[in-house]
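# all I have is the shape, not the residue letters:
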């Protein structure tokens, strides 16, 4: 039974395409109000199909979902009123200017006519497009289009925001600006954000909780910390100053676990006791007069989580 | 904070966008307008002696042929409207609009705003070309106004057909592929020869059953005959019928595209 207090509630949702695979294969998701939910997976995993279904643009094959407390099939108009969405392709009219897009959106979203210009101006300022507001969108960069797309999604002050791979193809500066705005929306305005991404870094930096989807199924879910903790302990990689010390180094580190040798004489070992064992390693190396060039602590990453759950690395794991 | 906008307001907003799309792309206006004018110039001079055929209704072939660019221009409007709508489907812009409370009727009628602008520009230019080349409008100033109205009605009808095709086919390439068929219907009509003068029996038969013939003849009647109520009734009636059928079929298609869940 769906709970009405969650912002997004999904139960055994399935979407099949004719002559195609099950793009979404029985997923369950619960996103609380004000939460940023990262939906992480490679290309073709089912992320965008899930977004299209939850935004009422694609009917589900089976299962149930509610968004903003409304059923996505029976109450699609109410769902649409409650959400804003920036879909994977920033679908904009290249002939119109940024401001004209916002004015059209304001009219269609029912913003009172006396407020439209002010609202458009406010949103243009917020996404940093004031100077480009009266230029045709055809001349915008990818980052500018994404920012305009976000502004359009926010026009009617939705409670829930769907962002489908919002930073794909963006330069680091544009990506950072978009991250900042998404964080601000959740933090200051209490907006619920459902964000799909194929970037581990993005999910790690933005999301309160992450669902990892692969081949239409959710393979792991939790906070970034929980997910990494599931994988186990951190590891330390030590590179000796003198490569001749590699054997000694490997022998010393054996007491923590089986050492793995790497490039330039480096040795990596898991730390079952966590990073607190780092101090002990430093003391041990000092006692045996092993000089160290670099010593790096590696926390488990979401990529390790993906690898553990699917047997593949996230990078390049797109559907064949 | 927000309220449901009226249908008229929605139509106006979408129509403004559509009209800007036409006005800001000169190629959309100039080339579809030039082509019928080139054919008008070529046929007007090379076929001028057909007026000597017994039963030909006028001594000026240019006056006879002037209806041709009006109808061919309207056919270009259908392609332009259809391509523009199909592009919205392909780029996902229609999905963006689908996430707003936009009514399907507003999207459909609004999209015809660009067609209206294009139709107006074309009709005025063809009229001026007619005047500049010495065509005498037998029905006078009132007839010219009716000619413009009929021309816009025919453009509206073909634009509605273009919209229907776009919603059914969903790609600009498919719309472009339809254009030769429209062209054929124009050439298999009484656009270049009056039906009573067409010598080939099958051609005359096809032209008689071809509704485009009656649209052409309605326009032409105002130029060379004066006030011919039957010709005008048929032209307006068929154009409005084409628009009505196209819009009736397009409406559910638009509805399903805007509300797929």
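The structure has been received and is ready for your questions. For clarity, every value in this text was computed on a predicted model and none was experimentally measured.
# any low-confidence regions in chain B?
Applying pLDDT under 70 to chain B flags residues B:1-3, B:259-261.
# nearest to chain A: which residue in it?
Proximity to chain A, evaluated over chain B using C-beta to the nearest C-beta, is greatest for residue B:92 at 3.4 Å. Where C-beta positions appear, they are placed from N, C-alpha and C, glycine not excepted.
# that residue against residue A:89, yeah?
Yes: applying C-beta atoms under 8 Å as the test, residue B:92 and residue A:89 come out as touching, 5.3 Å apart.
# circling back: just give the closest residue to the residue of chain B closest to chain A, not the sequence neighbours.
Sequence neighbours aside, residue A:91 is the residue nearest to residue B:92 in space, at 3.4 Å (criterion: C-beta to C-beta, 6 or more residues apart in numbering or on different chains).
# and residue A:272, by the same measure?
Ranked by C-beta to C-beta, 6+ apart and with sequence neighbours excluded, the top spatial neighbour of residue A:272 is residue A:233, at 5.2 Å.
# contacts only, for that neighbour.
Each residue near residue A:233 by C-beta atoms under 8 Å, 6 or more residues apart in numbering or on different chains is listed here: A:270, A:271, A:272, A:273, A:274, A:300.
# top of the residues you listed by number of neighbours, please.
residue A:271 (21 neighbours; other C-beta atoms under 10 Å in any protein chain shown).
# specify the local secondary structure of the closest residue to residue B:196 other than its chain neighbours.
Residue nearest to residue B:196 in three dimensions, not counting chain neighbours: residue B:55, with 5.1 Å by C-beta to C-beta, 6+ apart. Assigned state for residue B:55: coil (three-state reduction, DSSP: H, G, I helix; E, B strand; the rest coil).
# tally up the residues packed near residue B:55, please.
Burial of residue B:55, expressed as a neighbour count using other C-beta under 10 Å, amounts to 7.
# quick check: it touching residue B:198?
No: using C-beta under 8 Å, residue B:55 is not in contact with residue B:198, being 10.5 Å away.
# surely the residue nearest to residue B:92 is in a strand?
No: if the criterion is three-state DSSP, then residue A:91 is coil and not within a strand.
# what does it show for phi and psi?
Dihedral angles phi and psi of residue A:91 (degrees, to the nearest 10) take the values phi -80, psi 100.
# the one 4 residues further on too?
The phi/psi pair for residue A:95 (degrees, to the nearest 10) reads phi -80, psi -30.
# tell me who's in contact with it.
Listed by C-beta under 8 Å, 6+ apart, the contact partners of residue A:95 are A:136, A:137, A:138, B:20, B:21, B:24, B:25.
# equivalent analysis for residue B:165, please.
Contact analysis of residue B:165 by C-beta under 8 Å, 6+ apart lists B:78, B:82, B:174, B:175, B:178.
# one more: residue B:144?
When the contact criterion is C-beta under 8 Å, 6+ apart, the partners of residue B:144 are B:127, B:137, B:222.
# which stretches of the stretch 51-200 of chain A aren't confidently modelled?
Across the stretch 51-200 of chain A, not a single residue meets the criterion (pLDDT under 70).
# write out the residues of it neighbouring chain B.
Contact residues (C-beta under 8 Å from any C-beta of the partner chain) of the stretch 51-200 of chain A with chain B: A:53, A:55-59, A:72-73, A:76-77, A:80-81, A:83-85, A:87, A:89, A:91-93, A:95-96, A:100, A:104-105, A:107-112, A:136, A:152, A:156-157.
# one more time with 7 Å
Counting by C-beta under 7 Å from any C-beta of the partner chain, the stretch 51-200 of chain A comes close to chain B at A:55-59, A:72-73, A:76, A:80, A:85, A:87, A:89, A:91, A:93, A:95-96, A:104-105, A:107-112, A:156-157.
# residue in the stretch 151-300 of chain A nearest to chain B?
Proximity of the stretch 151-300 of chain A to chain B (C-beta to the nearest C-beta) peaks at residue A:156, 5.2 Å away.
# please name the nearest non-neighbouring residue to that residue.
In space, and not counting its chain neighbours, residue A:156 is closest to residue A:109: 4.0 Å by C-beta to C-beta, 6+ apart.
# ditto for residue A:270
residue A:257 (4.5 Å).
# can you confirm the one you found is in a strand?
No: counting by three-state DSSP, residue A:257 falls outside a strand, being coil.
# pull the number of nearby residues for whichever residue of the stretch 51-200 of chain A sits closest to chain B.
Using C-beta to the nearest C-beta, the single residue of the stretch 51-200 of chain A nearest to chain B is residue A:91, 3.4 Å away. Using other C-beta under 10 Å, residue A:91 is surrounded by 19 other residues.
# just residue A:299 next, same as before
Residue crowding around residue A:299 was assessed by other C-beta under 10 Å; the count is 13.
# residues contacting it?
Residue A:299 makes contact with A:228, A:234 under the criterion C-beta atoms under 7 Å, 6 or more residues apart in numbering or on different chains.
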